[in-house]
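have a look; sequence and predicted model below, questions after that.
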Amino acid sequence: LNPETVTVLLGDRSYDIFFGREIYSLFQEWICRFYPGGTVHVVTDRNVASIYGGDIQRWLAGIPHDVLALPPGEEHKNFDTVREIYGFLARGDAGRDSLVVAFGGGVVGDLAGFAAATYLRGISCIQVPTTLLSQVDSSVGGKTGVDLPEGKNLLGAFHQPTAVWIDPQFVETLPPREFRQGMAEVIKMALLGDEDLWSHLQDHAREIKQAGSAALTHTIASCCRLKASVVAADEKEAGHRRVLNLGHTVGHALERLSDYQILHGDAVAIGLNSAARLAVRLGWFSRETLMRLEELCREWQLPTRLPPEFTPDAILSAIKSDKKCLDGKLHFILPLRIGAVIERSDLDMEELKRVLQEQQGS
Ligand code: NAD
Ligand code: GLY
C-alpha cells in the first residue's frame, strides 16, 4: 500500500496528508509507530457513528481506544459540546502523550481540534475527515473553531494536526446537498490557484460525481496540495492565507442575513460570482471566464444569482460589520484569471453595489 501523500511544510510541526481508499492498515501502523504508549480518543458524531461505526472499529482495530459520538450539526458546535469532549478525555485518563482522532465532518474536526488544542495546554490530534468539505478544506491548516451565541467561530486556536487521513470513499454516503457544499470550496480552490484543477473540473464532471472514482480522489488531493502550500506560506493568516477567503465576503454576508438558511457552500458560490463580476467590471477578469464559472456552478447545482429578498444595501451593511472589515476597509479577494487572485482593500463600495444589483437583476 503506497498512498498518495501531500506534506504541509511547517518546520517541526510539518505533517502528512494521506489519500487513498481503505488506508486504515497504514493508519494503524502509523499510530503504533508515533503514539506507542499514549491513549487514543476518537471523537465523531452520531450520524457518522451510525453509518461508519464498523469502519471506526476497523480503522482502530488492535489499538486500545474509546469513542465519543457527539450530537451532529452546527447547532452543537458550542462550548457545551467542547466541555463534553474535555470530560471524555479526563475520564479516559488522557495525558500529554495522548492522541485525539477527529473522525467526521468539519464540525467534529473543529470541535475535537479545539479540545485537543486546549486540553492540558495542547495534545496531539489527527483528522479523518468524512465530508467533502472537510476533506478539501477544514481538516488541513490547523484552524479550529467553536461558535458562540454572538457569532460563528468566535472561539478558536491554531493547532495543526499531526496527520490527516483522507479516504474519499466516505463521501459516498453524503446527502447531495452536503456534497454540493464541498464542491463550492473545490471550485473556489481551482479559481484561486489551480488551472489544472479547473480544467479537470470542466472535463471530468461525470467521473468526479462517481463515488470512489480516481477523478474525485485527484480533485481532493489537488485542493489539499493547494491549501498545504497556502498554509505553509502563511500559517496564521497574516496575509497570503486570506486568498482562501475568495467568495467569502459576500458569502458570509448572505449566510448571516439569511440567519444561516443559505448554506455555506451555496453562499460561497454566489460570492465567487460576485467577486468575478466585480473583477470583470474593473477590467481585470474576462467576461468569458465569468461565464465558464457560472457554467461550472450550474454543473454542480450551485447558485450564482442573488436571492431577491436581500437588497444590495443590506448585503453591503452586513459586509461592513463583518470581522474581515474591522479596520474600516473592505478586504476583497478578486480573481485575475483562472489560478490567480489579488487582494485589494481600496475598492469602491459603489462598484460592488452595482455588481450586486446586476447579479440580482440578470
Ligand atoms: P458537518 O460536520 O456538520 O457535516 C455535515 C453533515 O454530514 C452532518 O450532519 C454530519 O453528521 C454528516 N456527515 C459527516 N460525514 C458523513 C458521511 N460520510 N456520510 C453521511 N453524512 C455524513 O459539516 P461540514 O460541512 O463537514 O463542515 C462544516 C464546518 O466546518 C463548519 O462549522 C465550518 O465553520 C467548518 N470549517 C472549518 C474550516 C477550518 O479551516 N477549520 C474550514 C471550513 C469550514
Ligand atoms: N478555510 C479557510 C482557512 O483555512 O484559512
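Arrived safely, thanks for sending. A quick note: this is a predicted structure, and the numbers were derived from the prediction, not measured. Residues are numbered from 1 along each chain as shown. Ligands and ions are numbered 1, 2, ... in the order given.

what about residue 178, which helix or strand?
Under the criterion of DSSP states H and E, residue 178 resides in helix 176-193.

the strands in the stretch 251-362 of the chain, which residues?
Ranges of strands in the stretch 251-362 of the chain, per DSSP state E, counting those that start in this stretch, are 332-337, 340-344.

for ligand 2, which of these is the nearest?
Smallest distance to ligand 2 across these (Cβ to the nearest ligand atom): 11.5 Å, for strand 332-337. For every residue, glycine as well, the C-beta is placed using N, CA and C.

export only the CA atoms of that closest one, formatted as PDB.
Extracted in PDB, the C-alpha atoms of strand 332-337 (Å, rounded to 0.1, in the frame of the first residue of the first chain):
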ATOM      1  CA  PHE A 332     -11.700  41.800  -1.100                       C
ATOM      2  CA  ILE A 333     -10.000  38.900  -2.900                       C
ATOM      3  CA  LEU A 334     -10.600  39.200  -6.700                       C
ATOM      4  CA  PRO A 335      -9.800  36.800  -9.500                       C
ATOM      5  CA  LEU A 336      -7.500  37.900 -12.200                       C
ATOM      6  CA  ARG A 337      -7.700  34.700 -14.300                       C
END
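
which residues does the nearest residue to residue 252 once chain neighbours are set aside contact?
Closest residue in space to residue 252, ignoring its immediate chain neighbours: residue 322 at 5.7 Å, by Cβ to Cβ, 6 or more residues apart in numbering. Neighbouring residues of residue 322 by Cβ atoms under 8 Å, 6 or more residues apart in numbering: 249, 252, 253, 256.

ok, residue 225 next?
residue 6.

phi first, then psi, for the residue in the stretch 201-350 of the chain that ligand 2 sits nearest to.
Closest residue of the stretch 201-350 of the chain to ligand 2, Cβ to the nearest ligand atom: residue 244 (4.1 Å). Backbone torsions of residue 244, given as degrees, to the nearest 10, read phi -70, psi -10.

and the residue nearest to it when sequence neighbours are not counted, how many neighbours?
Spatial nearest neighbour of residue 244, excluding adjacent residues (Cβ to Cβ, 6+ apart): residue 230 at 6.2 Å. A count of nearby residues for residue 230, using other Cβ atoms under 10 Å, gives 21.

understood, closing this out.
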